[in-house]
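Enquirer: Sequence and computational prediction follow.
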Amino acid sequence: MLKSVSKPEIKTLPPGPKSKSIIEKDQELIMQSFARWYPFVAKRGYGVWLEDPDGNKYLDFNSGIGVNNTGHAHPKVIEAIKRQAELLLHYSLTDFLYETPVQLAEKLVKITPGTFPKKVFYTNSGAESIEAAIKVARGHFKGSRPYIIAFSGSFHGRTMGALSLTASKPVQRKGFSPLVPNVVHVPYPYCYRCPFRQKYPDCNMWCVDFIEEWVLKKYVPPEEVAAIAFEPIAGEGGYIVPPPDFFKRLKKLADKYGILLIDDEVQAGIGRTGKWFAIEHWGVEPDLIAIAKGIASGLPLGALVGKREIMDLPPGTHASTFGGNPVSCAAAIATLEVIEQERLLENAQKVGEHAMKRLNEMKEEIPSIGDVRGKGLMIGVELVKPDGSPNPELLKNTLDIAFKSGLLVIGSGLSTIRIAPPLVITREEMDVGLEILKASLKKALEQT
Ligand SMILES: Cc1ncc(COP(=O)(O)O)c(C=O)c1O
């Protein structure tokens, strides 16, 4: 007998009256510095499903932006949170000690790439993990290497240090200069729209040679560069997957000059791409790894994991009152256990491959799909105009129609649909979402 698959249910066209009253208050009371795609109000979540206050049920392709990797309200995560909350809510790891951060660190040093000894520093968000990475990298060299190289097209967060590395949309920086100095940007390896107008593999990875030839040999002394910071897959920039040999070549360049590699796994890490960390797809072991989002299934927690000899900031130089909060750490331990026990890395890989196949079939049928790319359950579908240029209007309309049809999915970059459902999604649920997405895109094409 065929197992019946749950479907979205839209009873009241969203936003319904209860959602609308929250939206009105939100606009009045909360600073509107976010760019929301559509007015979805979340009330309850379970597995890959979400409900709004008007009783509509949606399929989730967002995971709260790469966070709810174990699905919404996973019972084992909830249980761990309850148990820890009854024991101890907070006591500041900065000044005292408790057990959960140590237990979590034992796991993190095992699952992060590299068998060398490592240490962990806890934060509360992705941006803070990047701030920590900048300080650890510069601090390790005691100020003798003030430069950081980052990629234009990348996103690393919005606090002033992280923002200084971020370069995916001008609006993110507009009006906030001066930022942290000595950050140099080089083009991200975006082969579909190569910034150097070259074709892979004929380009022979000019994007890496460019760093040496036009940055390190022209104006940035390599012995003054502390680190190269990168996203293994550019998240906010458009779900861009670098070519197969890119990171090996980058590592070779970094090693030649004693430069550290900072791997920003905030969005791509914790199983999202079918491996614990996306950089594993390229077989490179970074010196520092920034983590947040999916690590605690929705409780605020971030971490910087790095080589022990590099994680050497002396006492008094860096700390965080809430970093390593016991409840967040308990949620993170349960999250990692659920990912292992439920074989979610394998599921992300299997369901991701299935989705990529179906999306590539869609691409054959719909010429407005210019590119389908991704790894595991981090998949981008770039929408284009007939002349091949990005089509942001089509993206906006498609996402809006999908929302009104019960599929929550957002965009990234200029015109890319970003597919990042909870890692517990089944193949059947993925098919339900992809059907809605296809119908939404077709409808949007009629209107755009
Ligand atoms: C790759 C990457 N780094 C850093 C951040 C910043 O994380 P947070 O919003 O938790 O500060 C994000 C957020 O989207 C991200 O995708």
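Expert: Yep, it's here. Numbers count the residues shown, from 1 in each chain.

Enquirer: Just the pLDDT for the residue of the stretch 101-250 of the chain found nearest the ligand.
Expert: Closest to the ligand within the stretch 101-250 of the chain is Gly126: 2.2 Å, counting by CB to the nearest ligand atom. C-beta coordinates here come from the backbone N, C-alpha and C atoms, glycine included. Per-residue confidence (pLDDT) for Gly126: 98.

Enquirer: contacting residues for it?
Expert: Taking CB atoms under 8 Å, 6 or more residues apart in numbering as the criterion, Gly126 is in contact with 156-157, 162, 264, 266-267, 290, 292-293, 302.

Enquirer: Relative to Gly306, how far out is it?
Expert: Gly126 is 16 Å from Gly306, where distance means CB to CB, to the nearest Å.

Enquirer: do the same with Ser440
Expert: To Gly306, Ser440 is 42 Å away according to CB to CB.

Enquirer: what about the two, which has more around it?
Expert: The neighbour comparison of Ser440 against Gly306 (other CB atoms under 10 Å) goes to Gly306, with 30 against 22.

Enquirer: where does the more buried one land in three-state SS?
Expert: Put simply, Gly306 is strand when judged by DSSP: H, G, I helix; E, B strand; the rest coil.

Enquirer: Please look at Val208 and Phe246 and confirm they touch.
Expert: Yes. Using CB atoms under 8 Å, Val208 and Phe246 qualify as a contacting pair, with a distance of 6.9 Å.

Enquirer: What's the local residue count around the closest residue to Pro392 other than its chain neighbours?
Expert: What sits nearest to Pro392 in space, not counting adjacent residues and going by CB to CB, 6 or more residues apart in numbering, is Ser415, at 4.8 Å. Other residues near Ser415 number 23, with proximity taken as other CB under 10 Å.

Enquirer: need the contact list for Ser415.
Expert: 382-384, 390-392, 394-395.

Enquirer: which non-adjacent residue is nearest Leu87?
Expert: For Leu87, ignoring the flanking residues on the chain, the nearest one in space by CB to CB, 6+ apart is Pro326 at 7.5 Å.

Enquirer: now do Lys385
Expert: Excluding the flanking residues, the one nearest Lys385 by CB to CB, 6+ apart is Asn391, at 4.7 Å.

Enquirer: which residues sit in contact with the one you found?
Expert: 368, 383-385, 415, 448.

Enquirer: Let's see if you can find the most crowded of those residues.
Expert: Counting neighbours by other CB under 10 Å, the top entry in those is Leu383, with 27 neighbours.

Enquirer: Can you classify Lys107 as helix, strand or coil?
Expert: On the three-state scheme (three-state DSSP), Lys107 is labelled helix.

Enquirer: That one against Ile333, yeah?
Expert: Yes. With contact defined as CB under 8 Å, Lys107 counts as touching Ile333 (6.6 Å).

Enquirer: So between the two, which is more surrounded?
Expert: Legend: neighbour count by other CB under 10 Å for Lys107 and Ile333, higher for Ile333 (21 against 16).

Enquirer: So in terms of bridging, what pairs with whichever residue of the stretch 301-448 of the chain sits closest to the ligand?
Expert: Closest to the ligand within the stretch 301-448 of the chain is Gly302: 6.6 Å, counting by CB to the nearest ligand atom. Following DSSP bridges, Gly302 is listed with bridge partners Thr123.

Enquirer: got the contact list for it?
Expert: With CB under 8 Å, 6+ apart, Gly302 has these contacts: 122-126, 128-129, 266, 290-292, 295, 323.

Enquirer: In this protein, where is pLDDT below threshold?
Expert: 1-3 (pLDDT under 70).

Enquirer: How about the residue nearest in space to the middle of the chain: what's its closest non-neighbour residue?
Expert: Against the mean C-alpha coordinate of the chain, by CA atoms, centre = their mean, the closest residue is Gln267 at 1.5 Å. Sequence neighbours aside, Gly235 is the residue nearest to Gln267 in space, at 3.7 Å (criterion: CB to CB, 6+ apart).

Enquirer: cool, and Thr426?
Expert: Nearest residue to Thr426, sequence neighbours excluded (CB to CB, 6+ apart): Val351, at 7.0 Å.

Enquirer: thinking that neighbour is in contact with Val424, fair?
Expert: No. Between Val351 and Val424 there is no contact under CB under 8 Å: 9.5 Å.

Enquirer: From Val183, how far out is the residue of the stretch 101-250 of the chain closest to the ligand?
Expert: Distance, Gly126 to Val183, using CB to CB: 17 Å.

Enquirer: Check Trp276 too.
Expert: For Trp276, the distance to Val183 (CB to CB) stands at 28 Å.

Enquirer: what's the answer for Glu280, then?
Expert: As judged by CB to CB, Glu280 and Val183 stand 27 Å apart.

Enquirer: what does Cys191 give?
Expert: The value you get for Cys191 to Val183, if CB to CB is used, is 24 Å.

Enquirer: Does Leu216 touch Tyr257 like I think?
Expert: Yes. Leu216 lies in contact with Tyr257 (CB under 8 Å); the separation is 6.8 Å.

Enquirer: So which of the contacts of Gly126 are in strands?
Expert: Assigned to strands by DSSP state E, the following of these qualify: 264, 290, 302.

Enquirer: Secondary structure class of Gln32, three-state.
Expert: Strictly by three-state DSSP, Gln32 counts as coil.
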